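Visitor: here is a sequence with its predicted model. Questions after.
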Amino acid sequence: MFDLFSFEPEAPPGEFVLVRVSRRAMATTFEVAVPVGAHRDSVGVATAALDLIDELEDQMTVYRDHSEVSRLNAAAAYAPVEVEERVFELFERCAGWTHETEGAFDVATGAITKAWGFYSREGRVPTPPERIAAMRRTGFRHVVLNPEARTVKFRVPGLELNLGAVGKGYALDRAAELLRESGVASALLHGGGSSVYAIGHPPGDPRGWPVRLRHPTDTAASLGTVYLRNQGLGTSAATFQFFEYKGQKLGHLLDPRLGWPARGVRSASVVAPTAAEADAMSTAAFVLGASGTERLLRLKPNLAAVVLPDAPATPTAFNFRHDSFTPATADRPT
């Protein structure tokens with residue numbers, strides 16, 4: 001068993017042994033866990049996967065001026081900018097997810113994120129004129145994608161793309177792709193605990209890799225256990241990045257449609273075919289709340305979700321198969 005955010009195994013000793021290799025990247029810790037015997041060089045192949053994650057961070061981060069996304073943000077308002085094929089494909093997928101969620105998920109939010117101070121981790125409430133100005137430079141509707149030329153163009157100056165909401169999941173998908181190509185048929189990868197991808201299943205449990213969803217504010221509590229098999233899991237919560245303002249807790253997860261921190265949800269977890277989509281949809285679920293998530297999942301039946309509202313503080317699960325999620329009430333004591 002793995003706890004989301006900590007990933008400490010709870011299975012009885014002797015069932016199987018994991019080779020676990022970890023490294024800091026994207027301001028968190030990534031880990032690749034491979035059962036002993038799943039590959040002749042588990043450490044080597046896990047290290048190669050983490051090397052790839054390092055390369056992807058250097059390509060996608062907005063905190064390095066030389067990255068591809070930073071150079072795109074600096075130039076795309078003035079002329080179309082050609083980008084690498086896989087990143088362009090990710091932008092296309094993000095455009096689709098923005099459309100499907102009616103704007104609850106949007107990566108063209110760099111301007112409003114900076115206005116709220118979350119880019120520099122110094123949260124503040126922007127003045128109304130600042131927020132209005134930032135919102136004019138926010139939204140994927142201002143982004144023009146040209147598939148033939150593989151270029152990106154911004155319709156308004158000052159718009160900035162930020163892949164923070166999907167970057168970890170995308171990196172895990174690419175790392176899992178590398179592992180599969182290397183012959184690994186069973187592994188669990190995570191980035192900071194909030195983004196997860198499972199290859200196959202652990203030895204002896206065809207249900208999948210068990211991941212326990214920790215409560216976002218009560219470290220002794222659990223929301224339940226999700227079993228992942230060739231799937232991604234993303235969790236969104238404002239547990240660590242927030243500030244207090246007039247008695248309110250304002251978190252870093254902004255509603256792109258309003259330019260204001262999303263409210264009403266403590267955490268949202270989504271299971272999807274890929275970790276990138278799971279990350280995107282967990283962000284959308286956090287913004288949409290339980291009722292909005294239920295409507296979204298009617299349109300996307302291949303997803304499943306657990307949403308914990310502020311009140312009443314009882315999680316709601318959507319779309320899980322009978323053997324893929326165990327609620328906390330039926331789970332082992334935490």
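Guide: Perfect, I can see it now. On a predicted model such as this, the values are computed, not experimentally measured, just so you know. Residues are numbered from 1 along each chain as shown.
Visitor: which helix or strand contains residue 234?
Guide: For residue 234, the element it lies in under DSSP states H and E is strand 231-237.
Visitor: Provide the strand pairings for that strand, with the direction of each partner.
Guide: Partners of strand 231-237 in the sheet, by DSSP bridges, are strand 195-199 (antiparallel), strand 265-272 (antiparallel).
Visitor: which residues are contacting the first one?
Guide: When contacts are defined by C-beta atoms under 8 Å, 6 or more residues apart in numbering, strand 195-199 is touched by residues 4, 168-169, 172-173, 175-176, 179-180, 184-190, 208-209, 211, 228-235, 274-275, 278-279. (Each C-beta comes from the backbone N, C-alpha and C, glycine too.)
Visitor: out of those, name the ones that lie in strands.
Guide: Applying DSSP state E to these, the entries found in strands are 187-190, 209, 211, 228, 231-235.
Visitor: who wins on neighbours among those?
Guide: Most neighbours among the ones in strands among the contacts of strand 195-199, by other C-beta atoms under 10 Å: residue 234, with 32 neighbours.
Visitor: ok, that residue to residue 203 distance?
Guide: With the distance defined as C-beta to C-beta, to the nearest Å, residue 234 ends up 26 Å from residue 203.
Visitor: same question, residue 320
Guide: Going from residue 320 to residue 203 by C-beta to C-beta gives 23 Å.
Visitor: which of the two has more neighbours?
Guide: residue 320 (17 against 14).
Visitor: which SS class is that one?
Guide: When classified by DSSP: H, G, I helix; E, B strand; the rest coil, residue 320 comes out as coil.
Visitor: just checking, what packs against the longest helix belonging to the chain?
Guide: In the chain, taking DSSP state H as the definition, the longest helix is helix 275-299. Using 3 or more C-beta pairs under 8 Å, 6 or more residues apart in numbering; DSSP states H and E, the elements in contact with helix 275-299 are helix 85-100, helix 167-181, strand 195-199, strand 231-237, strand 265-272, strand 304-309, strand 316-318.
Visitor: okay, the ones you listed in a markdown table with distance to residue 289 and mean pLDDT next?
Guide: Shown next, in a markdown table, are the helices and strands packed on helix 275-299 (distance: least, C-beta to C-beta, whole Å; pLDDT from 0 to 100):
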| stretch | distance to residue 289 | mean pLDDT |
| --- | --- | --- |
| helix 85-100 | 16 | 98 |
| helix 167-181 | 21 | 98 |
| strand 195-199 | 21 | 98 |
| strand 231-237 | 12 | 95 |
| strand 265-272 | 6 | 95 |
| strand 304-309 | 7 | 96 |
| strand 316-318 | 10 | 94 |
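Visitor: shaky segments in the stretch 201-334 of the chain?
Guide: Residue ranges of the stretch 201-334 of the chain with pLDDT under 70: 238-247, 329-334.
Visitor: switch the cut-off to 50
Guide: Along the stretch 201-334 of the chain, the parts satisfying pLDDT under 50 run over 331-334.
Visitor: surely residue 267 meets residue 234?
Guide: No. In this structure, residue 267 is not within contact of residue 234 by C-beta atoms under 8 Å, at 10.9 Å.
Visitor: list the contacts for the residue nearest to residue 97 when sequence neighbours are not counted?
Guide: Nearest residue to residue 97, sequence neighbours excluded (C-beta to C-beta, 6 or more residues apart in numbering): residue 280, at 4.6 Å. Applying C-beta under 8 Å, 6+ apart, we find residue 280 in contact with 94, 97, 101, 105, 165-166, 169, 234.
Visitor: just residue 233 next, same as before
Guide: For residue 233, the contact set (C-beta under 8 Å, 6+ apart) comprises 4, 195-198, 211, 226, 269-272, 275, 278.
Visitor: may I ask which two of those are separated the most?
Guide: Using C-beta to C-beta, the pair of the contacts of residue 233 lying farthest apart is 4 and 272, separated by 15.3 Å.
Visitor: pick out whichever of these two has more residues nearby.
Guide: Legend: neighbour count by other C-beta under 10 Å for residue 4 and residue 272, higher for residue 4 (26 against 23).
Visitor: any idea of the pLDDT on that one?
Guide: Residue 4 carries a pLDDT value of 52.
Visitor: same check on residue 56?
Guide: For residue 56, the predicted pLDDT is 98.
Visitor: off-centre distance for the helix or strand where it lies?
Guide: Using DSSP H and E, the element containing residue 56 is helix 42-60. Remark: helix 42-60 is offset 18 Å from the chain centroid, using C-alpha atoms, centre = their mean, to the nearest Å.
Visitor: do stretch 166-183 as well
Guide: For stretch 166-183, the distance to the chain centre is 14 Å (C-alpha atoms, centre = their mean).
Visitor: tell me which residues of that stretch come out buried.
Guide: 166-176, 178-179 (16 or more other C-beta atoms under 10 Å).
Visitor: one more: stretch 211-226?
Guide: Buried, per 16+ other C-beta under 10 Å, within stretch 211-226: 211-216, 222-226.
Visitor: count of neighbours near residue 322?
Guide: For residue 322, using other C-beta under 10 Å, the count is 5.
Visitor: residue 40 too?
Guide: Using other C-beta under 10 Å, the number of residues around residue 40 comes to 9.
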